[in-house]
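Q: Prediction below, plus the sequence it came from.
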Amino acid sequence: MTHLFADRRPEDYSRMTAAMDFPALPAPPVVDALLEVMELRWHDAPADRRLHDALAWELVSAIPLPPGAHVVEADRGGARWTRRWIERGCRVTSLAGDEITGPEAERIEWTDKDRGDLVLATATLQSAADPFLALQRLVGLVKPGGILCVRVENLLSLVLGWLQEQQRGHAPERWHPERRRPKRRLYDSGTLKAALLDAGLVDVRCHALAVTATASGRLAACAPLADEDGLYAAIDRAAAHDPLLADAGLHILALARRP
């Protein structure tokens, strides 16, 4: 997938500033319709989240952290892992989304005690009006040597979902960079990795979450997503560690280190 609907191409990130000009245009109807389908059939069903949440936790919890590590939940993921981190002896700070993406975010200055050994950002970049500024804020929250974990919905999965909705004529016609931008920024692994590297991070790895659900289609994904211990889960665990499949899952989880 070639950076469809990215706000900038990877080579453009170095020229981006906090004063980026995002045109205030409405999303095209095809994108609004797709996002509506996604909300109704995906995000509003908590049970459906089990498999890709389990996969994400397995990847993130395997990150080596120092004793008493500071974990910062700077995301819109509902602080779903707070208790788990505390049980592991970590200090946890949960930030409101506006502290990263809100209009006053630039005025908030982080101190050393605010910075985390691990910073989690679920859905933060895709919901930010200015994703470049949001990413700079997130990087500023990471201690030197710490890890930033970014999780976004996968653009390719959304395109395939639209095709599976039998609207084959719309997908190739509408999904072009020069079209009007959707309400949320959509990422493929190449765009996401380029943004993280350009923000000064290193050792960037992108992982696919819930590959079997993408293959099954969103309407038929309940069985794969509810299967945490069976065949689907085994396939998904293997796929999550294959960099060639980074764009094959419902979500992309990227891990990067601040030098």
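A: Right, received. Where do you want to start?
Q: Tell me the predicted confidence for the closest residue to residue 66 other than its chain neighbours.
A: In space, and not counting its chain neighbours, residue 66 is closest to residue 117: 6.2 Å by C-beta to C-beta, 6 or more residues apart in numbering. C-beta coordinates here come from the backbone N, C-alpha and C atoms, glycine included. pLDDT for residue 117: 97.
Q: pretty sure residue 117 is in a strand, no?
A: Yes: assignment of residue 117 by DSSP: H, G, I helix; E, B strand; the rest coil places it within a strand.
Q: Surely it is in contact with residue 147?
A: Yes: the pair residue 117 / residue 147 is scored as a contact, 7.2 Å apart, by C-beta atoms under 8 Å.
Q: the more surrounded of those two?
A: Of the pair residue 117 and residue 147, residue 147 is the one with more neighbours under other C-beta atoms under 10 Å, namely 23 against 20.
Q: what are the bridge partners for the residue nearest to that one when sequence neighbours are not counted, then?
A: Excluding the flanking residues, the one nearest residue 147 by C-beta to C-beta, 6+ apart is residue 118, at 5.1 Å. Beta-bridge partners for residue 118, by DSSP bridges, are residue 71, residue 147.
Q: can you tell me how far residue 118 sits from residue 155?
A: Distance, residue 118 to residue 155, using C-beta to C-beta, to the nearest Å: 26 Å.
Q: Equivalent analysis for residue 250, please.
A: 11 Å.
Q: And for residue 203?
A: Where residue 155 is concerned, residue 203 sits at a distance of 23 Å (C-beta to C-beta).
Q: Next, residue 209: phi, psi?
A: phi -110, psi 130 (degrees, to the nearest 10).
Q: Look at it and say how many residues are nearby.
A: Residue 209, neighbours per other C-beta under 10 Å, totals 27.
Q: what pLDDT does it get?
A: pLDDT for residue 209: 85.
Q: any idea how far it is from residue 93?
A: From residue 209 to residue 93 the distance is 25 Å (C-beta to C-beta).
Q: Could you say which helix or strand holds residue 55?
A: helix 50-61 (DSSP states H and E).
Q: Which strands or helices does that helix pack on?
A: strand 202-209, helix 222-226, helix 231-240, strand 251-257 (3 or more C-beta pairs under 8 Å, 6 or more residues apart in numbering; DSSP states H and E).
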